[in-house]
Structure formats: structure tokens, C-alpha cells
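Undergrad: the amino acid sequence is not available; the structure is as follows:
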Ligand SMILES: Nc1nc2c(ncn2[C@@H]2O[C@H](COP(=O)(O)OP(=O)(O)OP(=O)(O)O)[C@@H](O)[C@H]2O)c(=O)[nH]1
Ligand SMILES: [Mg+2]
């Protein structure tokens, strides 16, 4: 069989995590309309009879503005050099700029097997596709480009088979029931963060981190989960909590429902909001929060 690791690389908000989730067939990474949703590398494994693809989702390429974003970009750079192949994800509906071409060429130049997924074709005029292909090939990119829609499931089988064909012959890297390298505790923290990304404007979610202090399963299968929402400012804390705690109740309940779906069990969720000023620039706090940048 063919098997190997595939770094999923592209600009922030391009649709990388959405694509990994649909290809793997399970939610392994959170998704939101805001850039910089993914902060860590997350592996999502797809196992078929003839091949196993271990996708490594990465933080999207975006400006560095603090130590956290620095580490995120380092994670992406390191990952791109430690894999068997690269899947570059491009947001088709955003057009093709000179900067996009430069990025595609940069990752193609690493010399690994390389493919481009041109995604979100469900929300753009079909006529733009051939013109964009011409711009990509005319711009000096020689890789194969696959127009797909993760949301509508278009052309995904073709893309999947093309990725598998890039991988070396060898045994499966993971047992067939493994879909992610991340723990349930990690995913629970991410689901909480996702709800905050979906509910609040840029500034608040980008300054939020989640710390799970208790993740325990009772004998009857019910989970007790206690977590802290760490934010950067007192006024963000006030907004996250809301009048009489209403906002927090709503976000927590939204998150709890998703946690229950993910864990397949009832969850008792306790949430506190804490302020840690400038945690995104504190090496010690970043380490404690698990953002190692590796
Ligand atoms: N219409 C449409 N929207 C999509 C598609 N794929 C992703 N999206 C949307 O694009 C937005 C960004 O998706 P993500 O998967 O979080 O993007 P990402 O590249 O992982 O973003 P970062 O983690 O921030 O780098 C979300 O609102 C998705 O719902 C698609 O095929 N079609
Ligand atoms: Mg992502």
C-alpha cells in the first residue's frame, strides 16, 4: 500500500481544516470564518484499503503580530519540511494574486511531491476557474491543480486519489481506527475556542486560550469538564461573561452540545473566565498553554 504524511498548507482562512475534516470523514480540526483559527498542527488520518494518508493541518499563513503568531508560522514552516508530500490549499473564490503565486512556488520549491487544491468552487462563478488555472500555470507553477468544494463534496475523490499517488509504498503508519493524533481533552478545548471564534469579533477570539483543568469520566460515562477561558483584557472578560453571565452561559451551552456529540456522552461543563494580560507575548504562558511552535 501507499502511506505517508501530507502537510496541508495555505493562507489563513483558505479552507484547509474544512478540507481535512471532510477527507478524513470526521471533525479533527475546528473551523471558523476568521483567519488564524488553527493554532497547532493537527493530524487527521484517512485509511483506505490501498493507502493511508496522514494529513497534517497547519496554521494558515498570515502576518506575524506577536509571539503566538510567530510560533504558529514556525509550526507551519517546520511541518512543510517534515512530511512526504505537500497539499497547498488555495481559496479559489478569492482569485489568484501575485502573492498567491509566490506562495505556491515557495512550497513547490521544497522539492517534495506537491499538489494544489483550489477550493470553495461552490461559491464562485464557474467561468473564473479556467482563467485562474491559466494565471497559475502562466505564473510559473507546474503542479497539478484540483478544483474542489469541501462544503459540497465536489471532486474530492479525485483529489484524494491524486494525493495517495504521491505517497511512498510502505506499511500503514497508524492503526486503521486512528483518525487523529490529538487527545479528547485537546479537542474539547478546541471546541470551546471554536464557539468563541464564531460568536465574537476578531479581537476577543484572537486573544483567547482555553485551559482544561479537569477532564474526568465518571463510572456511568458522564464527563466532568472544568475549563478556563483565558483572555487578555478586563473588558474582554466582561463581554465574555455578559450581563448576569448570560453570554457565557450561551457560549458554554453551545460548546457543551458539541462536546457531547464529540464524546458521545453527557457532559457537565464548568467554565471560568480569567485575564492574563499579554499571554500571547509571554514565553512562559505560551508554553503552559501548549503553544510550543514545534
Ligand atoms: N463555501 C465554502 N466555504 C468553505 C469551503 N471550505 C471552507 N469554507 C469556509 O471557509 C472558512 C474558513 O475555513 P477553515 O477550514 O477554518 O480555513 P483554514 O484554512 O483552516 O483557516 P486557518 O485555520 O485560519 O488557517 C469557514 O467559514 C469555512 O466554512 C468550501 O468548500 N466552500
Ligand atoms: Mg484551520
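TA: Ah, there it is. Just so it is clear, the structure is predicted and the values come from calculations on it, not from any experiment. Ligands and ions are numbered 1, 2, ... in the order given.

Undergrad: for this protein, what spans make up the helices?
TA: Shown for the chain, the helices assigned by DSSP state H span residues 16-24, 67-81, 98-108, 128-138, 156-166, 184-199, 203-206, 234-241, 246-263, 283-288.

Undergrad: ok, the residue of the chain found nearest ligand 1 - how many residues close by?
TA: At 2.2 Å from ligand 1, residue 60 is the closest residue in the chain, using CB to the nearest ligand atom. Using the backbone N, CA and C atoms, a C-beta is placed for each residue, glycine as well. Other residues near residue 60 number 24, with proximity taken as other CB atoms under 10 Å.

Undergrad: and the closest residue in space to it that isn't next to it in sequence, how far is that from residue 202?
TA: Spatial nearest neighbour of residue 60, chain neighbours left out: residue 12 (3.1 Å); criterion: CB to CB, 6 or more residues apart in numbering. Using CB to CB, to the nearest Å, residue 12 is found at 12 Å from residue 202.

Undergrad: compare the two (neighbour count), which wins?
TA: Applying other CB under 10 Å to residue 12 and residue 202 shows that residue 12 carries more neighbours, namely 18 against 11.

Undergrad: what's the pLDDT at that one?
TA: Residue 12 carries a pLDDT value of 98.

Undergrad: stretch 123-143 near ligand 1 anywhere?
TA: Yes: under the criterion of CB under 6 Å from any ligand atom, stretch 123-143 makes contact with ligand 1 via residue 123.

Undergrad: repeat for stretch 4-20
TA: Yes: using CB under 6 Å from any ligand atom, stretch 4-20 comes into contact with ligand 1 via 10, 12, 13, 14, 15, 16, 17, 18.

Undergrad: how about the residues of the stretch 101-250 of the chain near ligand 1?
TA: Residues of the stretch 101-250 of the chain that fall close to ligand 1, judged by CB under 6 Å from any ligand atom: 119, 120, 122, 123, 149, 150, 151.

Undergrad: contacts only, for the closest residue in space to the first one that isn't next to it in sequence.
TA: Taking CB to CB, 6+ apart as the measure, residue 119 lies nearest to residue 15, with 4.5 Å between them; neighbours along the chain are not counted. Contacts here follow CB atoms under 8 Å, 6 or more residues apart in numbering; on that basis residue 15 touches 89, 91, 119, 120, 150.

Undergrad: in stretch 23-36, what's buried?
TA: Within stretch 23-36, the residues scored as buried using 16 or more other CB atoms under 10 Å are 23, 24, 27, 28, 29, 30, 31, 32, 35, 36.

Undergrad: closest to ligand 2 among those residues?
TA: residue 29 (5.6 Å; CB to the ion).

Undergrad: report the two of the contacts of residue 15 separated the most.
TA: Across the contacts of residue 15, the longest distance by CB to CB is 10.8 Å; it joins 91 and 150.

Undergrad: how far away is the closest residue in space to residue 285 that isn't next to it in sequence from residue 67?
TA: Leaving aside its sequence neighbours, residue 285 sits nearest to residue 279 (CB to CB, 6+ apart; 4.1 Å). Residue 279 sits 9 Å away from residue 67, going by CB to CB.

Undergrad: shared neighbours of these two, anything?
TA: The contact sets of residue 279 and residue 67 overlap at residue 286 (CB under 8 Å, 6+ apart).

Undergrad: look at the two and report which has more neighbours.
TA: Legend: neighbour count by other CB under 10 Å for residue 279 and residue 67, higher for residue 279 (23 against 18).

Undergrad: mark out where each domain of this structure begins and ends.
TA: 2-166, 184-288 (automatic domain parsing).

Undergrad: right, so of these, which gets closest to ligand 2?
TA: With CB to the ion, the closest approach to ligand 2 among the domains of the chain belongs to domain 2-166: 3.1 Å.

Undergrad: how about the closest one, does it get close to ligand 2?
TA: Yes: using CB under 5 Å from the ion, domain 2-166 reaches ligand 2 at 16, 17, 37, 38.

Undergrad: make JSON lines out of the residues you listed and add pLDDT and neighbour count.
TA: What follows is those, written out as JSON lines (pLDDT from 0 to 100; neighbours: other CB atoms under 10 Å):
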{"residue": "16", "pLDDT": "98", "neighbour count": "30"}
{"residue": "17", "pLDDT": "98", "neighbour count": "27"}
{"residue": "37", "pLDDT": "97", "neighbour count": "24"}
{"residue": "38", "pLDDT": "98", "neighbour count": "25"}
